[in-house]
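Undergrad: okay, sequence plus prediction incoming.
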Amino acid sequence: MTTPILSTQALKAFYGDAQALFGIDFELAESEVVAIIGANGAGKSTFLKALTGLVKASPNEVRWRGQAIGGQSAHEIVRLGLALVPEGRRLFPSLSVEENLLLGAQAQRSGPWNLARVQALFPILKEKRHLPATSLSGGQQQMVAIGRALMSNPEVLLCDELSLGLAPIVIREIYQALPQICAEGMGVVIVEQDVSLAQKISTRLYCFQEGRVTLQGPSAALTRDQISQAYFGI
Amino acid sequence: MTNQFSVKRGQSGVGFALTWSGIALLVMVAISLPFWGESSWLHDFVEIGCHFIFALMWNLLAGYGGMVSIGQQAFLGLGAYTMLSLGNFYDFNPFWAIPLSGLVAALVSVPVSKVAFRLQGGYFAIGTWVIAEVFRLTLANIPAVGGGSGTTLTALRGIDKFTRESTTYWIALLCVVGSLALVYFFLRSKRGLALLAIRDNEVAAESQGIAVGRMKLAVYAVAAFGAGIAGALYFVGNLRISPDAAFSVNWTAFAIFMVVIGGTGTLEGPLVGTLIFWLLSKSFSDYGSWYLLGLGLLAIVTTIYFKQGLWGYVQQRWGWALFPTQRRIEFHDQPH
Amino acid sequence: MDILIQGILLGSLYALFALGLSLMFGVMRLTNTAHGDFIILGAFGALGAMACGLSPWLSALLVLPMAWLVGYGLQKTVLNQTLGKDPVPSLVVTFGISIVIQNALLEIFSADPRSIDSGGLNTLSLNLGGDLSVGVLPVLILGLALCATLFLQWLFSSTAMGRAFRAVSDDPEIAALMGLNSKTVYAQATGLAFLLVALAGVLQGMRTTVSPADGPMLLLFSFEAVIMGGMGSFWGTLAGGLLLGMTQQLGFRWDPGWGIWCGHVVFLTLLVLKPQGLFPKTK
């Protein structure tokens, strides 16, 4: 592909002395939707953290439009146009729904997303805007988290386990918003536990296992057997 | 697939034996000091010994127990005034009053903990300071013990200078060695391990069945006991007491300095720190405020750049340990 | 009745002392043991400027932005390195700073108590009708305390800076994902806190005398005001300050030697009975 908007070369990551990622090669083209699947502890969340600067990486290991950005702090990376919807939502308890969303705009990037548009995407956020963010239900909190990330007008959105702890009907509601999010050409990386869901919503797919990429390819073409082998390492 | 292993504590072999015989020699020389040393040396030792015991207790509380207190001087002063009252009002031999004062301080620390433990972290630290101030102000308003200007210990009037000074010195020596031994064996015991677990992660420790509340109270009481003894001992040596001297926050300031320079969370740390503190005070105390200012700066720099203190640095670099309390796992099937 | 009014006026100064402490702890969980010493430093800063020939009011005005810079710089260079799960480093470092300030002031200014010449403001009084009259300066202090509390409350609830403070206090890692550099936000908070501290110091210097060793006592008063009022609430801090002032005044009237003691004891009692304080922020 032409210069991918986001890529990694041999990305390694450590938590103290413990190594979590053992050399990940990854590419995302502009406007592409890529999924990452893998068992718990495979390193998926660590990977997203390394991309956004929450976990340290070497400069050349992560590239944005070809420029080395590895090792930069999180608050610098978001200004480039990379936003993360963190695992477990991680909303600010001291802030209301609306304040959480407003905080997302702190990076002051211009673009199509603003408070009104996010509230149009998820109307419940307008209805409950003055309530403390953590008083909402799990699914609603997930909407706040997504909206908060959108407020920074990213060019690439990283989503870490959106469906965690949510009922199927709520998961469906959230993923229904995905096409609207991608409408202006935003690239998305989705980390998902649900394999068939991941295959359905993405054009390409990576499978992680114990900190390594064990499978990658077009989502539609991968078979059940290929995925099982890569997922469980048998 | 379990490996056979055993848990070993500390170093072994020749290094260990040398260290301990060296210490034994030192102690024997120290015991004989009153017979060949000057009176000021004895007095200095008592003074620095009290600071050391107080620092050791502060380290136990903060470095091992995770409770940073700026108010331990409450128990030091309480011990001092207990000894004074027993001596002046009941003709109780001050030397025997020393351990008793420690006990009183430990007993008082129990209800005090009910108040102090309401707070955590930084606020706990300042809260203990408030409590110490209450003690100080209370005693400063009691005319019977001299109020704000203090009073003199009269109970030792009848004893000749040499006997008084050497007895005070020997008791100080005993207390220093004793408190070191007490803390050392405590930390090597199962309770010591429990304490470290609490310091590292209270919730996890509780889930492992450790009675966190009771352990914290036990450590708090032991630290109060040590502080009370230090206070009583100090003013037996000093003979003159006042609330400002007995409850001064400088006790804690110096203790913090000694421990931080030496290294929190180690047993050798306070020893090293006390030595450095004593050397510095001997050389520079004439410079008054500049000396104290320098101490403050040194403490700041050490905390930021030498987090483990001087001894901690040495321990990490060369693996020395005088009083080893760490535990290592040795696997039986590995060659070593 | 007179005691109550005197207590409220004294307490408003304590509230002003305490707001800075409350701010720093609220945003970054930092307990600044040198807080009281910085108050005194503010007063001596003004005195120093006056010694260079500036008028008292100009000196006071100059001290404020300087304090902001000192706070910002101190947080950025020294205090940010002490933050973390372990409370020991920040306590030891600020304790060290406290000793440095006290002794530096002692060397430069000597131990003599001094006061800031407020041009007679501290002797003016207002007649409230009948026998009641209050000093103009204490009423001014009360007004400033109210304004400061209102300002902080407004800042935290309605401005972007306030949101940043609250976010960084909740979750600095995720705040970074939003583009907030927590180190800079902390420095801004400390700068603001020091501004309040310097203002309080100057007012203390005008109201009464200051000497280099006064710091620790003011720290304890600030701390008591914050805890009694309830953590996380600026109105609580104001209330706590007023309560402390009233308690001390009552104590002083009963027996001059026991005034401060009463304040301490009431604080400890309240700590046992209502540890969350009078108006804790409900989460």
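TA: Received it, and whenever you're ready, just let me know what you need. Nothing here was measured: the structure is a model prediction, and the numbers come from that model.
Undergrad: use CA for all of it now, contacts and neighbours both
TA: Will do.
Undergrad: look at residue B:67 and give its secondary structure.
TA: Assigned by DSSP: H, G, I helix; E, B strand; the rest coil, the conformation of residue B:67 is coil.
Undergrad: for it, which non-adjacent residue is closest in space?
TA: Nearest in space to residue B:67, with sequence neighbours left out and distances taken as C-alpha to C-alpha, 6 or more residues apart in numbering or on different chains, is residue B:61 at 5.5 Å.
Undergrad: before we move on, what about residue C:113?
TA: That would be residue C:211: by C-alpha to C-alpha, 6+ apart, it lies 4.5 Å from residue C:113.
Undergrad: now do the contacts for the residue nearest to residue B:67.
TA: Residues near residue B:61 by C-alpha atoms under 8 Å, 6 or more residues apart in numbering or on different chains: B:67-69, B:219-220, B:223.
Undergrad: and if you look at residue C:92?
TA: B:256, B:299-300, B:303.
Undergrad: how about the residues of chain C near chain B?
TA: Within chain C, the positions near chain B by C-alpha under 8 Å from any C-alpha of the partner chain are C:30-31, C:33, C:81-82, C:87-89, C:91-97, C:99-101, C:103-104, C:106-107, C:220, C:223, C:257-258, C:261, C:264-265, C:268, C:271-272, C:275.
Undergrad: pull out the buried members of these.
TA: Buried subset of those (neighbour count, 16 or more other C-alpha atoms under 10 Å in any protein chain shown): C:30-31, C:33, C:81-82, C:87-89, C:91-97, C:99-101, C:103-104, C:106, C:220, C:223, C:257-258, C:261, C:264, C:268, C:271-272, C:275.
Undergrad: so which of those belong to helices?
TA: Mapping these onto helices (DSSP state H) picks out C:88-89, C:91-97, C:99-101, C:103-104, C:106, C:220, C:223, C:261, C:264, C:268, C:271-272.
Undergrad: residues near the closest residue to residue A:53 other than its chain neighbours, how many?
TA: Nearest non-adjacent residue to residue A:53, counting by C-alpha to C-alpha, 6+ apart: residue A:74, 4.4 Å away. When counting by other C-alpha atoms under 10 Å in any protein chain shown, one arrives at 27 neighbours for residue A:74.
Undergrad: what do you get for residue B:157?
TA: Neighbourhood size, residue B:157 [other C-alpha under 10 Å]: 10.
Undergrad: does chain A have contacts with stretch C:233-242?
TA: No. Stretch C:233-242 stays clear of chain A (C-alpha under 8 Å from any C-alpha), getting no nearer than 12.3 Å.
Undergrad: can you list the low-confidence ranges for chain A?
TA: A:1, A:234 (pLDDT under 70).
Undergrad: which residue does it bring closest to chain B?
TA: Residue nearest to chain B within chain A (C-alpha to the nearest C-alpha): residue A:16, separated by 16.5 Å.
Undergrad: which secondary structure element is home to residue 175?
TA: Using chain A. Element membership of residue A:175, judged by DSSP states H and E, is helix A:168-176.
Undergrad: chain C is the one I meant
TA: Per DSSP H and E: residue C:175 is located in helix C:172-177.
Undergrad: considering the contacts of residue B:61, which possesses the most neighbours?
TA: Result: residue B:223 is most packed of the contacts of residue B:61 (other C-alpha under 10 Å), 30 neighbours.
Undergrad: around chain C, pick out the residues from chain A.
TA: With C-alpha under 8 Å from any C-alpha as the criterion, chain A meets chain C at residues A:52, A:54, A:73-79, A:83-84, A:90, A:92-95, A:99, A:103-107, A:149, A:152.
Undergrad: among these, name the ones in strands.
TA: Counting by DSSP state E, the residues of chain A next to chain C place A:83-84 in strands.
Undergrad: take the residues of chain A next to chain C and keep only those in helices.
TA: A:52, A:74-79, A:99, A:103-104, A:149.
Undergrad: residue A:182: what's it in contact with?
TA: For residue A:182, the contact set (C-alpha under 8 Å, 6+ apart) comprises A:31, A:188.
Undergrad: run through chain B and note the low-pLDDT ranges.
TA: Counting by pLDDT under 70, chain B has low-confidence residues at B:1-16, B:202, B:210, B:265, B:319-336.
Undergrad: closest point of it to chain A, which residue?
TA: Residue of chain B nearest chain A, by C-alpha to the nearest C-alpha: residue B:200 (16.5 Å).
Undergrad: can you get me a residue count around that residue?
TA: Counted with other C-alpha under 10 Å, residue B:200 comes out at 15.
Undergrad: okay, it and residue B:66: tell me how far apart.
TA: 8 Å (C-alpha to C-alpha, to the nearest Å).
Undergrad: repeat for residue B:309
TA: Between residue B:309 and residue B:66 the distance is 17 Å, computed by C-alpha to C-alpha.
Undergrad: which one of those two has more residues nearby?
TA: Taking neighbours as other C-alpha under 10 Å, residue B:309 and residue B:66 compare with residue B:309 leading, 27 against 23.
Undergrad: who in chain B is up against chain C?
TA: Chain B has residues B:62, B:68, B:114-115, B:118, B:121-123, B:126, B:129-131, B:134, B:137-138, B:141, B:253, B:256, B:289-290, B:292-297, B:299-300, B:303-304 near chain C, with proximity defined as C-alpha under 8 Å from any C-alpha.
Undergrad: go again using 7 Å as the cut-off
TA: B:68, B:115, B:118, B:121-122, B:130, B:134, B:137, B:141, B:289-290, B:292-293, B:296-297, B:299-300, B:303-304 (C-alpha under 7 Å from any C-alpha of the partner chain).
Undergrad: can you pull out the strands in the stretch 1-150 of chain B?
TA: B:5-9 (DSSP state E, counting those that start in this stretch).
Undergrad: quickly find the element holding the residue in chain C positioned nearest to chain A.
TA: Closest to chain A within chain C is residue C:179: 3.9 Å, counting by C-alpha to the nearest C-alpha. Using DSSP H and E, residue C:179 maps to neither a helix nor a strand.
Undergrad: likewise residue A:27?
TA: strand A:18-28.
Undergrad: distance to residue C:75 for the contacts of residue B:61 - can I get that in CSV?
TA: As requested, the contacts of residue B:61 are exported to CSV (distance: C-alpha to C-alpha, whole Å):
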residue, distance to residue C:75
B:67, 24
B:68, 22
B:69, 23
B:219, 34
B:220, 32
B:223, 33
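Undergrad: hmm, back to that, ok, the residue of chain B closest to chain A - contacts?
TA: By C-alpha atoms under 7 Å, 6 or more residues apart in numbering or on different chains, no residues touch residue B:200.
Undergrad: if we can go back for a sec, and for the residue of chain A closest to chain B, the neighbour number?
TA: Look at residue A:16: counted by other C-alpha under 10 Å, it has 7 neighbours.
Undergrad: check the one 5 residues further on too.
TA: Applying the criterion other C-alpha under 10 Å, we find 24 residues in the vicinity of residue A:21.
Undergrad: need phi/psi at the nearest residue to residue A:108 once chain neighbours are set aside.
TA: Distances taken as C-alpha to C-alpha, 6+ apart place residue A:152 nearest to residue A:108, at 6.7 Å, with adjacent residues excluded. Per-residue torsions, residue A:152: phi -90, psi 10 (degrees, to the nearest 10).
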